[in-house]
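Q: Just a sequence and a predicted model for now, questions to come.
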Amino acid sequence: MSNSKRRAHPRVAATIEARIRLGDGRTMRTERILNISLGGVFIAMDDPPAFGEELDVEFALPGGPRSLRCKGVVVWSTRNEPERATTPGMGVRLMSLSIADMRVLSEYVEQVRGGDPQ
């Protein structure tokens, strides 16, 4: 089964700057989100954390009203699975998004896909 058939939420290509704080709580990095959905993001990163690492994620959607902040967990990483992507990085499940942030993100994805937000 392909990844797109397993996904619960539509995913769109993106180039969005993201600030991430790694699990140690001290290391802050600026990286790029290359695709995004309501459930998660792919963050390009030369030396991504391993599967299971928790991090804080902050990013602003193009044209969005504010930065979105949430917890994330690495659900796959090219550190553990280098064959998974041509670009080094990690898949991050977005956790603890507020209802308002979920709505903003959902509307953004629908707009990019060419549909009308609900």
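A: Good, I have the coordinates. Numbers count the residues shown, from 1 in each chain.

Q: Need the three-state assignment for the spatially most central residue of the chain.
A: Nearest to the mean C-alpha position of the chain, counting by CA atoms, centre = their mean, stands Val41 at 2.0 Å. Counting by DSSP: H, G, I helix; E, B strand; the rest coil, the backbone at Val41 sits in strand.

Q: beta partners of it?
A: Ile36, Val92 (DSSP bridges).

Q: now it: how far from Arg26?
A: 22 Å (CB to CB, to the nearest Å). (Glycine included, C-beta is placed from N, CA and C.)

Q: same thing with Ile36?
A: Distance of Ile36 to Arg26, computed by CB to CB: 26 Å.

Q: In terms of packing, which of the two has more residues around it?
A: Neighbour tally, Ile36 and Arg26, criterion other CB atoms under 10 Å: the higher count belongs to Ile36, 25 against 7.

Q: Just the buried residues of stretch 95-109, please?
A: Residues of stretch 95-109 classed as buried: Leu97, Asp101, Val104, Leu105, Ser106, Glu107, Tyr108, Val109 (neighbour count, 16 or more other CB atoms under 10 Å).
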